[in-house]
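S.K.: Predicted model and sequence follow; I will ask about them next.
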Amino acid sequence: MTKAVWKDIIVAESDSTVVVEGNHYFPPADVKKEYLVESDYRTKCPWKGLAHHYHLEAAGETIENAVWSYPDPKEKARHITGYYAFGKELAVET
């Protein structure tokens, strides 16, 4: 079971993450979206496409743009459509 943890709060937990470029991408159903607040920030990957970012809000604190997802990735990244990845601020435990 892979977990994304911040300050002892489990933000995501799954036995079916997909690892892409060293990041664990969690299926949408395995992410606790109550901790996510959509950001206007976007980044673009040449082969994955446009990433939408989210702030993480938990324990009275906010980490800006700590989470991202590809809602409509390019063809080579279709296997992570809608999956969520977490920045280095969170511990991803396997």
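M.R.: Right, received. Where do you want to start? Numbering: from 1, shown residues only.

S.K.: doesn't H55 make contact with W68?
M.R.: No: counting by CB atoms under 8 Å, H55 is not a contact partner of W68; they are 11.0 Å apart. Placement of C-beta: from N, CA and C, glycine included.

S.K.: So the two - more neighbours on which side?
M.R.: Remark: of W68 and H55, W68 carries more neighbours, 22 against 16, as counted by other CB atoms under 10 Å.

S.K.: sec struct for the more buried one, please.
M.R.: strand (DSSP: H, G, I helix; E, B strand; the rest coil).

S.K.: what do you get for the one 10 residues further on?
M.R.: At R78, secondary structure determined by three-state DSSP is helix.

S.K.: That one and W47, how far apart?
M.R.: From R78 over to W47 the distance is 11 Å, taken as CB to CB, to the nearest Å.

S.K.: got the buried residues for stretch 58-66?
M.R.: Neighbour counts over stretch 58-66 (16 or more other CB atoms under 10 Å) mark A58, I63, N65, A66 as buried.

S.K.: sorry, that was for stretch 44-57
M.R.: For stretch 44-57, the neighbour count (16+ other CB under 10 Å) marks K48, G49, A51, H52, H53, Y54, H55, L56 as buried.

S.K.: correct me, but I80 touches A51?
M.R.: No: with contacts counted by CB under 8 Å, I80 stays clear of A51, the gap being 10.3 Å.
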